[in-house]
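In: next input, structure requested:
(one chain, ligands or ions: 1)
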Amino acid sequence: MMEGTKRQGTEALVNLAARRSIILPAFSPYGELGGFYDYGPIGIRIRHNIESTWRRHFIEAMGNVEVDTTIIGPEIVFQASGHLGNFSDPITVCSKCKTSYRVDKLLEELFQGKGDKKSVDRVKTSRLPELEQMMVDNGVKCEKCGTPLKKADTFNLMLGTSIGPMGGTSGYLRPETAQGIFIDFKNIFRNLGLKLPVGIGQIGKAFRNEISPRRMLIRMREFSQMELEFFFDPEEKELIINGENVGDGFLNQRVNFVTREMQLENSGKDFIEITLDEGLKNGYIPNKLFAYLMFRAGEFMDRLGFPTDSFRFRQQLEHELPHYSKGNIDVEARHDDGFEELIGIAYRTDYDLSNHAKFSKSDMSVVNGEKKLVPHVVEISFGLDRIFWVLLSNSLRKDDKREWDLLLLNQDVAPYKYAVYPLQKDEGLVKKAQEILKGLNANGTYSYYSLSGSIGKRYAKSDETGIPFAITVDFTTLEDGTVTVRDARTGEQVRKSSSEIR
Ligand code: GAP
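Out: Below you'll find the model as predicted:
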C-alpha cells in the first residue's frame, strides 16, 4: 500500500459506502432487516471486477469449468449434504426480552473492545460449555434489556421454504453454492470428456439464517460465494493442472501461517512464516493439491491488492472443522483490529459425492482413464462480499495533502479506469469531453463522466470511489488536443494528447 498514506478505519468506510451509495441497506424505507445489503452502481462494478479476476485466475488459467446451479433445493439434498443435521452456531437467548446472540461473536466483540487479544483467541478455541462459562464469568448481559445471559445452545442456520402451490415439498435455500456442483458433477465430467484432476466453479448466492448478522458485509444472511470444487484421484501422486505437470517448485513459496498449536498455546503471534513444503511435511496441509490451491489463493490475494503482510493462512482447530472436512485452512486478512476469514479451503474427501450416491441411490463414480472411482474433493470457497468489504477497508487511505479519503484500488478491481471531466460547464468543453468519453467507451475502457460540482469536488469523488485517473478537458484541449491526466495516488497531473489515452 502506498507510503505516506494512513489507513482509515471501518467507520470511515461505512460513511463512504453510505455517502456514495456504494453499499445500501436493503429495504431501508421499511426499516432495516439485519444481514441484507444492496450494491450500488460503484460497488457492483468493483464486485464484478473481483469476480472477473477470480474467473480468470481460478477457471480460465487453470483449465477449469464453471456452472450456475439452482439456489433452492429439496430437503433431501441437504439431508445428504449433512447441513440439516450439522450446520449450526452457538446461540444464547435473553430469558426476558428474547433477543438472541451468537455467543462466540458476542464474546469476541466484548474482549476485542477491552483490547484483550488472548481472550479473543481463547473464544475461538472454546466449545459450548466453555463459552457458557465465559459468559457467566464476564457478566455478559443482554444489550437490549440488561438481563444476564447464561445458557448457550446450538441453532441450525438453514433457511427453509416450501415448494409448490400447496406447499407439498419442503425445500431450503442453499447455504453454500457447492452442493449443485457435486450433484451435477458426474454428468458434466462424462459429457464434457473431462479428466481428473479438474475443478468446477460457481459464483452465486448463498443463504444462512445468521443469529446476529453484524458488521456490514462480514456476516450477512444473503451473500455471494465464489467456489471451486476440485475433483481428484487421491492415489495419484503427480499433480496435472491444465494438461501440465505442476512440479514441486511452488512448494518453496513462503506463507504467513498459524498452526493449531499456536492457537491452543495462545501464542499471541499473528503468524509465523513457513514454506508450503514445510506445511505439507508437518501435516498442517492435507495434500499437494490443497497446497497448490493455497499457492493460487496467495497469488489471487496479491492480484486483488492485499499486501503480503496483510493476510495469513490459519489451520482450523479440530472442533471447528465443518462436518464434511478432513482438514480446513482459512485465508484471513487484517480487518479492524484483528483478522477476518475471507476464504475457506477444505479437504472434503468423497464425503459429498458418496452421500449423494447413498441418498439418491445413484452411482456417483466416474471413469478416469482405466480407473472407476468416486473422486475426492479439495474445495476453495471465497466469500465475495467479505473480500469486497475487507479489500475496501484495507484500501481506504488518507494523506496529508487532501482533505478527503482515497480509495487506492488496483486497476484490475477499480470501478472505472478513468473519470472524464470537463473543467467547467462550457459547451465546447462538454462536447470535447463527451467525444473523449465515447472514444474510450467504444474501445472497451468504460469510463465515468461527471459535470456536477466544482472540479475539486469531482476529483474528491473519483479519489474516494477508487477511480485511478481523472482526465480533465480544459481550454488548452480545444487548441491542441491535450488533456490533463491526474493520478489519484499522488494527485499529480501530466498533460497528454487525448489520442494517447487507452
Ligand atoms: N462451501 C464451503 C463453505 O461455504 P464457509 O467457510 O462456511 O465454507 C466460505 O464459507 C466463505 O463464505 C467464508 O470464508 C466467508 O468468506 C463467506 N461467508 C460465510 N458465511 C458468511 C456470511 N454469513 N456472510 C458473508 N460471508 C460469509
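
In: most proximal residue of the stretch 51-200 of the chain with respect to the ligand?
Out: Closest approach between the stretch 51-200 of the chain and the ligand, counting by CB to the nearest ligand atom: Glu176, at 3.5 Å. (Each C-beta comes from the backbone N, C-alpha and C, glycine too.)

In: name the nearest residue to that residue, sequence neighbours excluded.
Out: Ala206 (5.4 Å; CB to CB, 6 or more residues apart in numbering).

In: list the contacts of the one you found.
Out: Ala206 makes contact with 173-177, 222-225, according to CB atoms under 8 Å, 6 or more residues apart in numbering.

In: which one of the residues you listed has the most neighbours?
Out: Tallying neighbours with other CB atoms under 10 Å puts Arg174 at the head of the contacts of Ala206, with 26 neighbours.

In: just checking, that one touches Pro74?
Out: No - assessed by CB atoms under 8 Å, Arg174 is found out of contact with Pro74, at 11.3 Å.

In: domain parsing for this protein?
Out: 5-87+157-395, 88-156, 416-500 (automatic domain parsing).

In: which one of those has the poorest average confidence?
Out: Among the domains of the chain, domain 88-156 carries the lowest mean pLDDT, a mean of 92.

In: now do the end-to-end distance for it.
Out: 4 Å (CA to CA, to the nearest Å).

In: does that domain reach the ligand?
Out: No - residues of domain 88-156 contacting the ligand under CB under 6 Å from any ligand atom: none, with a closest distance of 9.8 Å.

In: what number of residues lie near the residue of the stretch 201-350 of the chain found nearest the ligand?
Out: Relative to the ligand, the nearest point of the stretch 201-350 of the chain is Gly344 (3.3 Å; CB to the nearest ligand atom). Gly344: 20 surrounding residues under other CB under 10 Å.

In: isn't there a helix covering it?
Out: No - counting by DSSP: H, G, I helix; E, B strand; the rest coil, Gly344 is not found in a helix; it is strand.

In: which non-adjacent residue is nearest Gly344?
Out: Counting by CB to CB, 6+ apart, the residue nearest Gly344 is Ser381, at 4.7 Å.

In: residues in contact with the one you found?
Out: Counted by CB under 8 Å, 6+ apart, Ser381 has contacts 176, 178, 225-228, 343-346.

In: mind running it again at 7 Å?
Out: When contacts are counted by CB atoms under 7 Å, 6 or more residues apart in numbering, Ser381 touches 176, 225, 227, 343-344.

In: mind putting those residues into CSV with distance to Glu464?
Out: Listed next are the contacts of Ser381 as CSV, based on distance: CB to CB, whole Å:
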residue, distance to Glu464
Glu176, 34
Gln225, 28
Glu227, 32
Ile343, 27
Gly344, 32
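
In: can you classify Glu11 by secondary structure?
Out: From three-state DSSP, the assignment for Glu11 is helix.

In: same check, this time on Leu228
Out: Leu228 ends up strand, using three-state DSSP.

In: since we're on it, how many residues are nearby?
Out: 25.

In: wait, doesn't it sit right on Ile380?
Out: Yes - Leu228 lies in contact with Ile380 (CB atoms under 7 Å); the separation is 5.0 Å.

In: got any residues that touch both of the two?
Out: Counting by CB under 7 Å, 6+ apart, nothing touches both Leu228 and Ile380.

In: one step back: identify the bridge partners of the residue of the stretch 201-350 of the chain closest to the ligand.
Out: Asp330, Ser381 (DSSP bridges).

In: quick one, what contacts it?
Out: 328, 330, 381.

In: show me what contacts the second one?
Out: Read that as Asp330. By CB under 7 Å, 6+ apart, the neighbours of Asp330 are 314, 316, 341, 343-344.

In: which stretch of helix or strand covers the residue in the stretch 401-502 of the chain positioned nearest to the ligand?
Out: Of all residues in the stretch 401-502 of the chain, Val413 sits closest to the ligand, at 16.8 Å by CB to the nearest ligand atom. Val413 belongs to no helix or strand when assigned by DSSP states H and E.

In: let me see the contact set for it.
Out: Val413 sits in contact with 46, 49-50, 53, 304-305, where contact means CB under 7 Å, 6+ apart.

In: burial count for the closest residue to it other than its chain neighbours?
Out: Once flanking residues are discounted, Val413 sits nearest to Asn49: 4.4 Å by CB to CB, 6+ apart. Look at Asn49: counted by other CB under 10 Å, it has 21 neighbours.

In: buried ones in the host helix or strand of Asn49?
Out: Here Asn49, judged by DSSP H and E, is contained in helix 41-54. Across helix 41-54, burial judged by 16 or more other CB atoms under 10 Å covers 42-43, 45-47, 49-51, 53-54.

In: how about Ile76, nearest residue that isn't a chain neighbour?
Out: Phe359 (5.8 Å).

In: which SS class is that neighbour?
Out: helix.

In: skip the chain neighbours and tell me the closest residue to Asp233.
Out: Per CB to CB, 6+ apart, closest to Asp233 is Leu196, 5.1 Å.

In: which residues of the stretch 201-350 of the chain lie near the ligand?
Out: 208, 210, 219-220, 223, 225, 227, 341-344.

In: for the residues you listed, which single residue is the most surrounded?
Out: Neighbour max across those (other CB under 10 Å) = Leu342, 27 neighbours.

In: which residues are in contact with that residue?
Out: Counting by CB under 7 Å, 6+ apart, Leu342 has contacts 331-333, 382-383, 386-387, 390.

In: just checking, which of those belong to strands?
Out: 331-333, 382-383 (DSSP state E).

In: make a markdown table out of these and add distance to Gly481.
Out: Shown next, in a markdown table, are the ones in strands among the contacts of Leu342 (distance: CB to CB, whole Å):
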| residue | distance to Gly481 |
| --- | --- |
| Val331 | 47 |
| Glu332 | 50 |
| Ala333 | 44 |
| Phe382 | 44 |
| Gly383 | 46 |
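
In: residue of the stretch 251-400 of the chain with the smallest distance to the ligand?
Out: Counting by CB to the nearest ligand atom, the stretch 251-400 of the chain gets nearest the ligand through Gly383, at 1.9 Å.

In: is Asn266 in a helix, a strand, or coil?
Out: coil.

In: hmm, it is touching Val123, no?
Out: No - shown here, Asn266 and Val123 do not form a contact pair, counting by CB under 7 Å, at 11.1 Å.

In: can you pull the contacts of Pro25?
Out: Neighbours of Pro25 in contact, by CB under 7 Å, 6+ apart: 32, 37.

In: kindly recompute the last result at 8 Å.
Out: 32, 36-38 are the contacts of Pro25 under CB under 8 Å, 6+ apart.
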